[in-house]
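Q: no sequence for this one, just the structure:
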């Protein structure tokens, strides 16, 4: 389990153990990963975040087009596993949860513990950290050039 | 918006390739995907129609390595270029840290380029983004086509680049300008992040 900020780990850990979810991913609405449990490769995790936020964005927009409130929860049921996607507001902005679960648990349980996790996250959110102004590293451009050269084999 | 993890010293930035339909946005990402070592990139995700036109977005995560002490990752997205997909473009543009505008250099596509550039500015303004200070670079793609079919980079600068963005000539199929464009937008995004006081790089 990993998180951008450590205070997220407690509520996410409780959610995973109580709901018996296989995978859980918290992300921003622009597809940036905030925390995850169970994903092996960090880069596939990013693709999952991009797709999850895309699903929420498109279904919410579809609801708005219909004149409805944006869907807060979207479910995809597979034969063995299911996806649960839900957005929620925190003091740090709107986040999205992507949860993968199997027949070991039930949608109702996932939903109940999802709501509890949201409450715990909102309660646990610390104030925004002060800005950590640092001087632009003198070797920034050289390191960026070296990284891009390495990426493109030039 | 960039995500910065001070504990693990990681930065993740979102860059969106924008431009009219068939200008070469997906080709830029495909070239990057093909040239970058497997360990430094994730799977390229393309949500496309049956005829391979981008329907929602293409997505390519890229690991730039350690820059100024931060493990730096870029998430590259494209948008669908066709005029009628504007709702989708707005969604993909949300939270972008920088935009590469891929223009089609063919003279007959000049109006399409202008329309798409205006659409980009309208969508950024709609999201409260100040286009004067937001990182944007232009790529004049398809400069490899016969000279009588295309406008030169100087012509395209005159026609499109009234804000004085950095611009690059490109041939995304063969890779010319792709690397330079990515480097240009990377520099702008990371320097802006540093200047914003986020503490990096």
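A: Now that the structure is in, tell me what you want to look at. Please read these numbers as outputs of a predicted model, since none were measured by experiment.

Q: What's the nearest residue in chain B when you look at chain A?
A: Residue nearest to chain A within chain B: residue B:95 (2.4 Å; CB to the nearest CB). From N, CA and C alone the C-beta is placed, and that goes for glycine too.

Q: which stretches of chain A form strands?
A: Using DSSP state E, the strands of chain A run over residues A:2-3, A:23-28, A:33-37, A:73-77, A:81-90, A:93-102.

Q: Including distance to residue B:55, could the ones you listed go into TSV?
A: Listed next are those as TSV, based on distance: least, CB to CB, whole Å:
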stretch	distance to residue B:55
strand A:2-3	32
strand A:23-28	21
strand A:33-37	24
strand A:73-77	18
strand A:81-90	19
strand A:93-102	21
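
Q: quick one: low-confidence ranges for chain B?
A: Along chain B, segments meeting pLDDT under 70 span B:1, B:5-8, B:197-201.

Q: Okay, and the residue of chain B closest to chain A sits in which element?
A: Taking DSSP states H and E as the definition, one finds residue B:95 inside no helix or strand.

Q: ok, it touching residue A:27?
A: No - the pair residue B:95 / residue A:27 is not scored as a contact, 10.6 Å apart, by CB atoms under 8 Å.

Q: So for these two, which sits in the more crowded spot?
A: Legend: neighbour count by other CB atoms under 10 Å in any protein chain shown for residue B:95 and residue A:27, higher for residue A:27 (25 against 19).

Q: those helices in the chain, which residues are they?
A: You didn't say which chain, so I picked chain A. For chain A, the helices defined by DSSP state H cover A:9-19, A:42-65, A:107-124, A:140-152.

Q: Chain B is the one I meant
A: Taking DSSP H as the test, the helices found in chain B are B:25-35, B:86-93, B:110-126, B:153-160, B:178-195.

Q: ok, the spatially closest residue to the residue of chain B closest to chain A that is not a sequence neighbour - contacts?
A: Leaving aside its chain neighbours, residue B:95 sits nearest to residue A:30 (2.4 Å; criterion: CB to CB, 6 or more residues apart in numbering or on different chains). Applying CB atoms under 8 Å, 6 or more residues apart in numbering or on different chains to residue A:30 gives the contacts A:53, B:1, B:14, B:94, B:95, B:96.

Q: In chain A, what residue lies closest to chain B?
A: For chain A, CB to the nearest CB, closest residue to chain B: residue A:30, 2.4 Å.

Q: Now for residue A:97, how many residues are close by?
A: By other CB under 10 Å, the residues close to residue A:97 number 26.

Q: just residue B:77 next, same as before
A: Residue B:77 has 26 neighbours, counted by other CB under 10 Å.

Q: my read: it touches residue B:62, true?
A: No - shown here, residue B:77 and residue B:62 do not form a contact pair, counting by CB under 8 Å, at 11.4 Å.

Q: ok so, going back, return the backbone torsion pair for the residue of chain B closest to chain A.
A: Phi and psi for residue B:95, reported as degrees, to the nearest 10, are phi 80, psi 10.

Q: Many thanks, we can stop here.
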